[in-house]
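In: have a look; sequence and predicted model below, questions after that.
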Amino acid sequence: MFQRFFPDLPALSAFLLRLPMVTCPRCHHVGALKRHGFIRGYVSPDETGSRAWRVYCNPKRGGCGHAPSIRLSSSLYHRCIPTAVLWAFLNAWVDKASLREAWEDAGEPLSIDCARRILRRIRSALSSLRITLSARAPPPPESKGARNPSVQTLLHLRSVFGTEDPIRAYQADVQSPFPLR
């Protein structure tokens, strides 16, 4: 299986070293993958760096030309917010119910509109998120009295993947991005 999310930089570097022995996720050819470059951008609202590493399935080696990306499980697709900050915001929102207070508690310098967009995207992906979580464990009993389905799902996420950084654990376990698109 082609691993897309890695817990830390040494694990990602080890994967890049054995890249020629890895099967392409699209054409299933072994021996065609090679490093292709970086995806650079904001890793936090005030810091730029490498957000992901691009891998290339070389057609000259029998590959398909597909270029998937691999990344640390602490980064989110198309977001400059790390998973720890996003979880701090969502956890505060579950506990406080005030969007503005939760966003300020997370310490994020971006506007409150960013928080509204994040919640809107989580609400639009609730069904897929709930299916993934239910495959791993049943919903916790305390989520039954929650104020809305989004809070119920976040409580379920917390119970399945722990309270430290469940979004990071979700991405590492599911090998799929947290649904914020």
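Out: Sure thing, it's come through.

In: only C-alpha atoms from now on, for both contacts and neighbour counts.
Out: Will do.

In: give the pairing partners of the lowest-mean-pLDDT helix or strand in the chain; include direction for each.
Out: Ranking every helix and strand in the chain by mean pLDDT, DSSP states H and E puts strand 33-44 at the bottom, with a mean of 85. Its sheet considered, strand 33-44 pairs with strand 47-57 (antiparallel) by DSSP bridges.

In: let me know the next secondary structure element after the partner strand.
Out: strand 69-72 (DSSP states H and E).

In: ok now the least confident helix or strand of the chain, how far from the chain's centre?
Out: 16 Å (CA atoms, centre = their mean, to the nearest Å).

In: in that strand, which residues are buried?
Out: 33-35, 38, 41-44 (16 or more other CA atoms under 10 Å).

In: distance check, Gly49 against His36.
Out: Separation of Gly49 from His36 (CA to CA, to the nearest Å): 16 Å.

In: now do the contacts for the residue sitting furthest away from the middle of the chain.
Out: Outermost residue of the chain with respect to the C-alpha centroid, by CA atoms, centre = their mean, is Lys60; its distance is 32.2 Å. Taking CA atoms under 8 Å, 6 or more residues apart in numbering, we find Lys60 in contact with Ala32.

In: repeat that for Lys144.
Out: Applying CA under 8 Å, 6+ apart, the residues contacting Lys144 are Gln152.

In: okay, it: pLDDT?
Out: Lys144 carries a pLDDT value of 74.

In: helix, strand, or coil at it?
Out: helix (DSSP: H, G, I helix; E, B strand; the rest coil).

In: so how far is Ser159 from it?
Out: 13 Å.

In: try Pro179
Out: In this view, Pro179 and Ser159 are 18 Å apart by CA to CA.
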